[in-house]
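A.B. asks: Build me a structure from this.
(one chain, ligands or ions: 2)
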Amino acid sequence: MNGGNDMSDYDQLILGGGPGGLALAYELKAAGKKVAVVEENLWGGTCPNRGCDPKKILVAAVEAKRHAEYMQGEGIDGTTSINWPDLMRNKFAYTDAIPSGTLSGLQQAHIETLTGHARFNADGSVNVDDQTVTAEQMIIATGQRPARLNIDGGELIQTSTDFLNMRELPKRLTFIGGGYIAFELADIANAAGAEVHMLLHNDRPLKAFDQELVSDLVNQLWADGVKFELNVDVTHVAKTDEGLVISNDDGFTLTTNAVIGATGRIANVDTLNLAAVGVQADAKGVVVNDHLQTTNPRIYALGDVVAKPGVPKLTPVAGFDARYLAGQLTGTTTAPIAYPAIPTVIFGVPRLATVGISTAAATDDAKLRIKTIDMTHWYTYNRIHDPKAKVKVVLNQAGELVGASVLSSVADEMINYLTFLINRHATAQALNDMVLAYPTPASDLGYVF
Ligand SMILES: Cc1cc2nc3c(=O)[nH]c(=O)nc-3n(C[C@H](O)[C@H](O)[C@H](O)COP(=O)(O)OP(=O)(O)OC[C@H]3O[C@@H](n4cnc5c(N)ncnc54)[C@H](O)[C@@H]3O)c2cc1C
Ligand SMILES: NC(=O)c1ccc[n+]([C@@H]2O[C@H](COP(=O)([O-])OP(=O)(O)OC[C@H]3O[C@@H](n4cnc5c(N)ncnc54)[C@H](O)[C@@H]3O)[C@@H](O)[C@H]2O)c1
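C.D. replies: Ligands and ions are numbered 1, 2, ... in the order given. The predicted structure is shown next:
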């Protein structure tokens, strides 16, 4: 194999060809490094193959349906329904092209690609299936996979990946969990015509979000037909002639046609043989310092696979890690990583979004002020007959925006503007100094301070 330098095959070997690993590969290649990426499954990773992108293709149909419903009697007649097999064809037309397109992009950029399962050897080299590869530095970018419930009949529970590949929509669909994935996929399945149940083992759905806005979202999903069952700890799933029967020892039973587990994700670390190279990790992820360096100084980690409390596991975060690490590995920066305010969105109709200091934290801080604004009757939302639009902003004593939560059909756009303002330490005056296109969600910003 050609040398990255005298001793090793490559300067850097990246384990995992998802958004994080690939962003790093392109950055390092542009800086003149000899770099290789290993991928064992679909090139492109979770986000474009079985995450963000296919999901938002399905959400496009929900948007079209709901917006037509909101306008009933206001200029639109007749109902719209989702044709699941056609929608899935549309989704597959996008996802089927991702792995080959990703691979050919890497090859055109002259980045070495190795297909197979990566696993460390005690001497610090990596085995990719039966090939041994050496590099000066290794970067673990292996992401996460869905957690599995270890219960009686757990093998009958499917995952978000299975849902995003369902060519037929089951008549009755039940989600276990009350986080990002359960909310987003339940909204899609419900809008597409399935009878949808959401089973939560507690009474705190979306616990990192503003709870008033979460209640508004839950009420809207209820009104749309999603059935929430709180404090249900599922202990059995069994196949019967009537369908799948979900039950527990407290007497709960529900018959359904498919069960999707959305109870969190676990780091892909267990088959990497990390103990042999002194890298500390568990199901929450790889332990790193504030330079994304693991407990082995030659090995780094980035993206979803990293254990980083308080930092959401999202595609743009993996990209941020990659840009930071490229700077570290090419010597252009030695500073510790410092994350900006990171927005996060539950993509449904409506969307729920949040960024910066949460309203829960602000409630306990006398130096912060929360302002709640019902925007439902504002022109932006009235025009499209959005049933509920609300924003809650957190302001510091200097009047700067430091946090925000938004519920509306366009909360994903609004939260990006608010993120920009937070990261720029903006006050109401900064907005008054700008002219923004009207009428748009952005032109409302001056009223939320
Ligand atoms: C249903 C769903 C919806 C999502 N929606 C959003 C969203 O709307 N917005 C958002 O920002 N984020 C979303 N996410 C999260 C987003 O997908 C991840 O944050 C992102 O993909 C992380 O990138 P990564 O490169 O760290 O990991 P991944 O994308 O998971 O890539 C890791 C890669 O490593 C490979 N790999 C693992 N082990 C090995 C090994 N031993 N050898 C070789 N290869 C290996 C895997 O096959 C995978 O391709 C969603 C996730 C899911 C599941
Ligand atoms: N829009 C987005 O940005 C987006 C969308 C989907 C996924 N993601 C990423 O994927 C991650 C995983 O999503 P998720 O929804 O699986 O996880 P999550 O952490 O958001 O939610 C997990 C849910 O499962 C529940 N739960 C945990 N253990 C359980 C158990 N044993 N039994 C029953 N319920 C249990 C939790 O209380 C919680 O409600 C997210 O944290 C996020 O990083 C992001």
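A.B. asks: Excluding sequence neighbours, find me the nearest residue to whichever residue of the chain sits closest to ligand 2.
C.D. replies: Per Cβ to the nearest ligand atom, Gly179 is where the chain lies closest to ligand 2, at 1.8 Å. C-beta here means a position set from N, CA and C on the backbone, and glycine is covered the same way. Computed as Cβ to Cβ, 6 or more residues apart in numbering, the closest residue to Gly179 that is not its neighbour in sequence is Ala262, at 6.2 Å.
A.B. asks: And Asn121, by the same measure?
C.D. replies: Asn127 is the one closest to Asn121 (Cβ to Cβ, 6+ apart), at 6.0 Å.
A.B. asks: Check the contact between that neighbour and Leu114; I expect there is one.
C.D. replies: No: with contact defined as Cβ atoms under 8 Å, Asn127 does not reach Leu114; the gap is 10.5 Å.
A.B. asks: okay, and the common contacts of the two?
C.D. replies: Val133 (Cβ atoms under 8 Å, 6 or more residues apart in numbering).
A.B. asks: okay, these two: which has more neighbours?
C.D. replies: Leu114 (20 against 16; other Cβ atoms under 10 Å).
A.B. asks: quick one on the thing from earlier: now the residue nearest to Asn121: which helix or strand?
C.D. replies: strand 126-128 (DSSP states H and E).
A.B. asks: which residue packs closest to the most centrally placed residue in the chain, ignoring adjacent ones?
C.D. replies: By Cα atoms, centre = their mean, the chain has its centre lying nearest to Leu314, at 4.5 Å. Nearest in space to Leu314, with sequence neighbours left out and distances taken as Cβ to Cβ, 6+ apart, is Thr344 at 6.4 Å.
A.B. asks: Dihedrals phi and psi, that neighbour?
C.D. replies: Phi and psi for Thr344, reported as degrees, to the nearest 10, are phi -140, psi 140.
A.B. asks: Can you give me every residue that contacts it?
C.D. replies: The contact partners of Thr344, by Cβ under 8 Å, 6+ apart, come to Ala208, Pro312, Leu314, Ala353, Thr354, Val355.
A.B. asks: so, in contact with ligand 1 or not, the helix or strand hosting Val62?
C.D. replies: In this assignment (DSSP H and E), Val62 forms part of helix 52-70. Yes: residues of helix 52-70 contacting ligand 1 under Cβ under 6 Å from any ligand atom: Cys52, Lys55.
A.B. asks: and what of stretch 284-291?
C.D. replies: No: if you take Cβ under 6 Å from any ligand atom as the test, stretch 284-291 misses ligand 1, and the best it gets is 10.1 Å.
A.B. asks: Okay, buried residues for stretch 411-421 please.
C.D. replies: For stretch 411-421, a neighbour-count test (16 or more other Cβ atoms under 10 Å) marks Ala411, Asp412, Glu413, Met414, Ile415, Asn416, Tyr417, Leu418, Thr419, Phe420, Leu421 as buried.
A.B. asks: about what we covered before: let me know how buried the residue nearest to Gly179 is, in neighbour terms.
C.D. replies: Neighbours of Ala262 (other Cβ under 10 Å): 24.
A.B. asks: Can you pull the phi/psi pair for it?
C.D. replies: Torsion angles at Ala262 (phi, psi; degrees, to the nearest 10) stand at phi -140, psi 60.
A.B. asks: So it versus Leu221, what's the distance?
C.D. replies: 14 Å (Cβ to Cβ, to the nearest Å).
A.B. asks: in terms of contact count, name the helices or strands touching the next helix or strand after the strand holding Asn127.
C.D. replies: Downstream of strand 126-128, the next assigned helix or strand under DSSP H and E is strand 131-133. Identification of packing neighbours for strand 131-133 by 3 or more Cβ pairs under 8 Å, 6 or more residues apart in numbering; DSSP states H and E yields strand 126-128.
A.B. asks: Residues contacting the strand it packs on, please?
C.D. replies: Under the criterion Cβ under 8 Å, 6+ apart, residues 13, 15, 38, 114-121, 132-135, 138 lie in contact with strand 126-128.
A.B. asks: Show me where the stretch 301-449 of the chain has its strands.
C.D. replies: 344-346, 351-356, 369-374, 390-395, 401-408 (DSSP state E, counting those that start in this stretch).
A.B. asks: follow-up on the earlier one: is there proximity between the strand holding Asn127 and ligand 1?
C.D. replies: No: under the criterion of Cβ under 6 Å from any ligand atom, ligand 1 is not reached by strand 126-128; the shortest gap measures 7.5 Å.
A.B. asks: Any idea how far that strand is from the middle of the chain?
C.D. replies: 29 Å (Cα atoms, centre = their mean, to the nearest Å).
A.B. asks: Over to stretch 130-145?
C.D. replies: Centre to centre, stretch against its chain (Cα atoms, centre = their mean), the figure for stretch 130-145 is 23 Å.
A.B. asks: Restricting the selection to alpha carbons, write it to PDB.
C.D. replies: Extracted in PDB, the C-alpha atoms of stretch 130-145 (Å, rounded to 0.1, in the frame of the first residue of the first chain):
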ATOM      1  CA  ASP A 130      -9.300  -9.100   6.600                       C
ATOM      2  CA  GLN A 131      -7.100  -6.200   5.400                       C
ATOM      3  CA  THR A 132      -4.800  -4.400   7.900                       C
ATOM      4  CA  VAL A 133      -4.500  -0.600   7.600                       C
ATOM      5  CA  THR A 134      -2.200   1.800   9.500                       C
ATOM      6  CA  ALA A 135      -2.400   5.600   9.900                       C
ATOM      7  CA  GLU A 136      -0.700   8.300  11.900                       C
ATOM      8  CA  GLN A 137      -4.100   9.200  13.400                       C
ATOM      9  CA  MET A 138      -7.400   7.400  13.500                       C
ATOM     10  CA  ILE A 139     -10.800   9.100  13.900                       C
ATOM     11  CA  ILE A 140     -13.800   7.200  15.200                       C
ATOM     12  CA  ALA A 141     -17.000   8.500  13.400                       C
ATOM     13  CA  THR A 142     -19.100   5.400  13.700                       C
ATOM     14  CA  GLY A 143     -22.400   7.100  14.800                       C
ATOM     15  CA  GLN A 144     -25.200   5.400  16.700                       C
ATOM     16  CA  ARG A 145     -27.900   2.800  16.100                       C
END
